[in-house]
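> sequence-free structure coming up:
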C-alpha cells in the first residue's frame, strides 16, 4: 500500500461555533464482568498499539474529509490530508509540518475516516479501525482507544487469529470463545481507561486492515470474510457455566494433547472454570511437539542477573501437576538456589530472550554442555479451546457446538 508524499497533503483548520450533535461515538461500557442476569456489553473500549507505546502518531484522511475534535475545536483534514499527533506535557498536540495547530486534553475522530501510522526505529505500522478513535496522553506515551461494537471486535479477533482458509466451524467455535472472554473480562485495563488491549495479553486485534514494515519486510491483512461470517453466524452466543454465569473462556494455538486450567497456566490467584481435557485432535499440528535450545549463560542472566558465574548454573523442573504441566523450576549456582513458578519463568525468559523459546507449559529441560535443550508439547498457555484441534475437528465434519462441548465439557452455548 503506497504512502502519500507529505508535501502533497493539505490541511484545513476550521474554528467553528457549531459542535457535532449525535456523533458516531459508541457508548462506553461499564467496568467489570457483568453479574448473572445483567445486560451483556454492546460495545467495548479497546486500547490499540499498546505494545508499541507511541510517542507520535500520524493520522491520514481517506477519500473523504475527516474531522478531528480537539476538545471543543474541530480540525478538518481534506481527503488525503494528514497531521502528526504528539505529547505536549499532559495534552495532545496536533501538528502540520513544523506548525503546531492546537492542543487539547483529548482528540476524537470517527475511526473509519482516518488511518493511523506509527513509526519506530525498525518498525512501521499502519492501521484503520471503525467506531470512535480517542487519543489522550498516558503516563509515558500516547494512549489510543477504539470504541466499537462487541460483534465487530469478535470479527476482528477471529480475522487476526485464523487464516482465511480455516474451516468455518472452527472459526465459529473461536468466535464464541472470543465473545465469552471479552464479556467476562470487561475493565481488565480499567485503570488505563479501556476494557481490553489489542495484544495477546487480552485479544489480538488489528482492526479493519493493517500493514507492517519490519526488517525490510512488509506484511498486511484485512478483516476477513471468515471473521465476519463466524461472528455473524454465532451472533450473541456465549459459553455459560451450569449456574448461568459466563465462562472465562480462553483459547490456545495448540494444546499438545492436553489442556490445563488458568490456575496452572497463569499462577496463583487465577480461578479455573473447568478442568483440562485430553486432546489428540492436534497431534498432526506443527507444535504438537517442539525442541528449542538456549545458551546456559544467557538463560542465567535472564532469570538470575546478579550471579557472578552464570555459566555454572544448573536448572531442572522441580514440580509438575498430575497432567505433566510444569508448576515450578529450580535454578542453582553454588550455594545460591532459586525456585521459580513456571509462569514467572516463562515471563522472564520471554521478556529477556524472546517469546519463541519456551512455547508452552509442558516441557523437559536437558543440560548439554553450554546449552539447555527444551523438549515440549503444545504452543501457548494450553487453556481452553485448542485451535489446532478445533481445525482438525471441523475438517472431520464436526460442528462448532460439538467442538466447544469437547473443550468446555461443563459449559453450554447460550445467549
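Yep, it's here. Predicted model, so just to flag it, every value in this text is computed and none were measured.
> From now on I want contacts and neighbour counts done on CA atoms only, so please keep to that.
Will do.
> got the contact list for the closest residue to residue 265 other than its chain neighbours?
Among residues not flanking residue 265 along the chain, residue 381 sits closest, at 5.8 Å (CA to CA, 6 or more residues apart in numbering). Residues near residue 381 by CA atoms under 8 Å, 6 or more residues apart in numbering: 252, 255, 265-266, 360-361.
> rerun at 7 Å
Residues near residue 381 by CA atoms under 7 Å, 6 or more residues apart in numbering: 252, 265, 360-361.
> Distance of it relative to residue 114?
Distance of residue 381 to residue 114, computed by CA to CA, to the nearest Å: 36 Å.
> just residue 226 next, same as before
Residue 226 sits 25 Å away from residue 114, going by CA to CA.
> Neighbour count for the two, which is higher?
Set residue 226 next to residue 114 and count neighbours by other CA atoms under 10 Å: residue 114 wins out with 29 against 22.
> Test my guess that that one contacts residue 61.
Yes: counting by CA atoms under 7 Å, residue 114 does reach residue 61; the two are 4.5 Å apart.
> Which of the helices or strands spans residue 350?
helix 342-353 (DSSP states H and E).
> which of the residues in the very next helix or strand once past that helix are buried?
Where DSSP H and E defines the elements, the next helix or strand beyond helix 342-353 is strand 362-368. By neighbour count on 16 or more other CA atoms under 10 Å, the buried set for strand 362-368 is 362-365, 367.
> Also stretch 222-237?
222-224, 226-232, 234-237.
> Need phi/psi at residue 300.
Main-chain torsions, residue 300, degrees, to the nearest 10: phi -60, psi -40.
> now swap in residue 301 and tell me
The phi/psi pair for residue 301 (degrees, to the nearest 10) reads phi -70, psi -30.
> Look up how far residue 346 lies from it.
14 Å.
> what do you get for residue 402?
33 Å.
> More neighbours: which of these two?
Between residue 402 and residue 346, residue 346 has the larger neighbour count (other CA under 10 Å), namely 20 against 16.
> wait, what's in contact with the more buried one?
The contact partners of residue 346, by CA under 7 Å, 6+ apart, come to residue 358.
> So for it, what pLDDT did the model give?
With respect to pLDDT, residue 346 has a value of 93.
> how far away is it from residue 315?
Separation of residue 346 from residue 315 (CA to CA) stands at 14 Å.
> swap in residue 301?
13 Å.
> In strands, which of the buried residues of stretch 222-237 fall?
residue 222 (DSSP state E).
> List just the nearest of the buried residues of stretch 222-237 to residue 169.
Ranked by distance to residue 169 (CA to CA), those are led by residue 230 at 7.9 Å.
> Now that the closest one has come up, it's in contact with residue 172, right?
Yes: using CA under 7 Å, residue 230 is in contact with residue 172, at 4.6 Å.
> sorry, back to before: now, which of the contacts of residue 381 sits nearest residue 288?
Set against residue 288, the nearest of the contacts of residue 381 by CA to CA is residue 360 (10.3 Å).
> where does that closest one land on pLDDT?
For residue 360, pLDDT reads 95.
> host element of residue 374?
Using DSSP H and E, residue 374 sits in strand 371-377.
> cool, and residue 220?
Per DSSP H and E: strand 217-222 holds residue 220.
> That strand pairs with which strands, and in what direction?
Sheet pairing for strand 217-222, assigned by DSSP bridges, gives strand 209-214 (antiparallel).
> List the buried residues for the strand it pairs with?
By neighbour count on 16+ other CA under 10 Å, the buried set for strand 209-214 is 209-212.
> repeat for stretch 156-170
156-162, 164, 167-170.
> so of the residues you listed, which ones are in helices?
Residues of the buried residues of stretch 156-170 located in helices (DSSP state H): 156-161, 168-170.
> could I get those as a markdown table with pLDDT and distance to residue 195?
Output for those, formatted as a markdown table (pLDDT from 0 to 100; distance: CA to CA, whole Å):
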| residue | pLDDT | distance to residue 195 |
| --- | --- | --- |
| 156 | 96 | 16 |
| 157 | 97 | 15 |
| 158 | 97 | 18 |
| 159 | 96 | 20 |
| 160 | 95 | 19 |
| 161 | 95 | 20 |
| 168 | 98 | 28 |
| 169 | 98 | 28 |
| 170 | 98 | 26 |
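> Dump the residues you listed into JSON lines; add distance to residue 193 as well.
Putting these into JSON lines (distance: CA to CA, whole Å) gives the following:
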{"residue": "156", "distance to residue 193": "21"}
{"residue": "157", "distance to residue 193": "20"}
{"residue": "158", "distance to residue 193": "24"}
{"residue": "159", "distance to residue 193": "25"}
{"residue": "160", "distance to residue 193": "24"}
{"residue": "161", "distance to residue 193": "25"}
{"residue": "168", "distance to residue 193": "34"}
{"residue": "169", "distance to residue 193": "35"}
{"residue": "170", "distance to residue 193": "33"}
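> Low-confidence regions, the protein specifically.
Applying pLDDT under 70 to the chain flags the ranges 1-39, 268-274, 306-311.
> how is it carved up into domains?
Domain segmentation of the chain under automatic domain parsing yields 160-189+225-284+380-415, 290-377.
> Most tightly packed of these?
Neighbour counts (mean count of other CA atoms under 10 Å) averaged over each of the domains of the chain peak at domain 160-189+225-284+380-415, with a mean of 21.
> Skip the chain neighbours and tell me the closest residue to the spatially most central residue of the chain.
Centroid-nearest residue in the chain, with CA atoms, centre = their mean: residue 199, separated by 2.3 Å. The shortest distance from residue 199 to any non-neighbouring residue, by CA to CA, 6+ apart, is to residue 205 (6.7 Å).
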